[in-house]
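Engineer: Any chance you could fold what I've pasted below:
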Amino acid sequence: MRSPLQAFTVGAFSTVNSALVVTGVDTTKVGFLIKPWQSGIEPNNIWWADEQLAGLHGAINPLCDLTQATNNGYFDYTSVINFSYTNPTWRIGGGTPA
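Structural biologist: Residues are numbered from 1 along each chain as shown. A predicted model of the protein is given here:
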């Protein structure tokens, strides 16, 4: 049995310039590099959060415990990314949310 022919359109796409290639990637390791940060109390506004991520509201890591960080404040993370706030193991190294 044959399926009927269906027409479809392929959207336009761009190629990445080779000058933007990422270097220094260790392809022998699996997982992600995660750089955590924690801040104090802030307003529940998207614009404020965007400004905070841009560094406009003080230091990025003033409250984080980075004693186990290995790569300039990053953690090597090789598990499934599912940082459920209700799961007591959501933090790297275990523990409960503060």
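Engineer: Now do the SS call for residue 19.
Structural biologist: helix (DSSP: H, G, I helix; E, B strand; the rest coil).
Engineer: Strands along this protein, start to end?
Structural biologist: Using DSSP state E, the strands of the chain run over 32-34, 75-77.
Engineer: winner for burial among those strands?
Structural biologist: Of those, the one with the most neighbours on average (mean count of other Cβ atoms under 10 Å) is strand 75-77, at a mean of 16. All C-beta atoms are positioned from the backbone trio N, CA, C, and that covers glycine.
Engineer: picking that back up, could you dump the strands of the chain to a markdown table with mean pLDDT and distance to residue 47?
Structural biologist: A markdown table is the format used below for those (pLDDT from 0 to 100; distance: least, Cβ to Cβ, whole Å):
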| stretch | mean pLDDT | distance to residue 47 |
| --- | --- | --- |
| strand 32-34 | 83 | 25 |
| strand 75-77 | 83 | 29 |
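Engineer: Now render those as a markdown table, adding distance to residue 24.
Structural biologist: Supplementary listing: the strands of the chain in a markdown table, determined by distance: least, Cβ to Cβ, whole Å:
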| stretch | distance to residue 24 |
| --- | --- |
| strand 32-34 | 11 |
| strand 75-77 | 15 |
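Engineer: Which of those sits closest to residue 22?
Structural biologist: Among the strands of the chain, the nearest to residue 22 by Cβ to Cβ is strand 32-34 (12.4 Å).
Engineer: List the pairing partners of the closest one within its sheet, with orientation.
Structural biologist: Strand pairing for strand 32-34, determined by DSSP bridges: strand 75-77 (antiparallel).
Engineer: give me the beta-bridge partners of the most centrally placed residue in the chain?
Structural biologist: Centroid-nearest residue in the chain: residue 34, 6.2 Å away (criterion: Cα atoms, centre = their mean). On the basis of DSSP bridges, residue 34 is bridged to residue 75.
Engineer: Now that it has come up, it's in contact with residue 75, right?
Structural biologist: Yes. Contact criterion Cβ atoms under 8 Å: residue 34 and residue 75 qualify, at 5.0 Å.
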